[in-house]
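**Student:** Quick one, what's the 3D model for this:
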Amino acid sequence: MSSSMGTIFAHGGSPPWLPREVAEGRRFAWWAQIMFFLASVGWFIIAIVTLTVYFVDDAGRGTLAVGVFGLLAMLICFLAAVFMKKTVIDAIDQGRFHDARNDTIIWIVFGLIGFVIPALFLMLTYVKLSDSLAAQQPAGYAPYAPGTVQVQHPSPYAPPPAPIQPPPAAPPAEQQAQAYHTHQTPMVRCKNCSVQYPVFMHSCPNCGAPKE
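**Tutor:** Okay, here's the model as predicted:
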């Protein structure tokens, strides 16, 4: 019995490793689930009373409409409470903060249809999750704009070249001349990471920034 109830009702405590904003958002989501369950009970009572009055006292169609809406609102609130635990609270406990924040929007809409108080708690959950995700992004982070990323197609396969025999060892005088010319290779400094690399290269070998 306790295991079946655990699959429906979320635990009130938060995992200790959650960030402070996320833990507060989870607490608001837990209260939203409780309010969804209470709203489903309230709508059930309203539906039973109004339908009983309609069939016993032969009331007008307005009473029947209220009873039918109460049954629908009861069903919406109950399903929202059950599935909100799986999509929001369990997602937070598993570290899937992006998924939890996106699914919160769906249950906010259902909360506005069935009952207002759960929607208010879920709005606070959305704000707390958004603040936590914004604080986790590194400084200067900016996602790629649509259409700016170009996919590089793989080049066709080409057989490797034949091994080249190393040239004979040069005399000491020639080795000194080669070392001198190698030392005199023009270099350029990367403006992004300040690493020097030969001027004939088109991009920085360290960070990949193009040569300006």
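**Student:** Sticking with residue 98, tell me its helix or strand.
**Tutor:** Using DSSP states H and E, residue 98 maps to helix 97-114.
**Student:** just checking, what packs against that helix?
**Tutor:** helix 20-57, helix 61-84, helix 90-93, helix 116-136 (3 or more CB pairs under 8 Å, 6 or more residues apart in numbering; DSSP states H and E). Backbone N, C-alpha and C define where each C-beta goes, glycine included.
**Student:** Nearest to residue 193 among those helices would be which one?
**Tutor:** helix 116-136 (24.3 Å; CB to CB).
**Student:** name the helices or strands packed onto that closest one?
**Tutor:** Using 3+ CB pairs under 8 Å, 6+ apart: helix 116-136 touches helix 20-57, helix 61-84, helix 97-114.
**Student:** Determine how far that helix lies from the middle of the whole chain.
**Tutor:** 13 Å (CA atoms, centre = their mean, to the nearest Å).
**Student:** Contacts made by it with the rest, please.
**Tutor:** Residues outside helix 116-136 that contact it (CB atoms under 8 Å, 6 or more residues apart in numbering) are 19, 21-22, 24-26, 28-29, 31-33, 35-36, 39, 77, 80, 84, 88, 92, 97-98, 100-101, 104-105, 107-109, 111-112.
**Student:** Flag every buried residue along that helix.
**Tutor:** Of the residues in helix 116-136, 118-129, 131-132 count as buried by neighbour count, 16 or more other CB atoms under 10 Å.
**Student:** Also stretch 37-56?
**Tutor:** 37, 39, 40, 43, 44, 46, 47, 50, 51, 54.
**Student:** Take the helices and strands packed on helix 116-136 and lay them out in a markdown table including distance to residue 160 and mean pLDDT.
**Tutor:** Output for the helices and strands packed on helix 116-136, formatted as a markdown table (distance: least, CB to CB, whole Å; pLDDT from 0 to 100):
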| stretch | distance to residue 160 | mean pLDDT |
| --- | --- | --- |
| helix 20-57 | 52 | 90 |
| helix 61-84 | 57 | 87 |
| helix 97-114 | 44 | 86 |
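**Student:** Output those in a markdown table; the columns should cover distance to residue 198.
**Tutor:** Formatted as a markdown table, those follow (distance: least, CB to CB, whole Å):
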| stretch | distance to residue 198 |
| --- | --- |
| helix 20-57 | 48 |
| helix 61-84 | 59 |
| helix 97-114 | 43 |
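**Student:** Of all the ones you listed, which one comes closest to residue 187?
**Tutor:** Evaluated over those, closeness to residue 187 peaks at helix 97-114, with 43.8 Å, by CB to CB.
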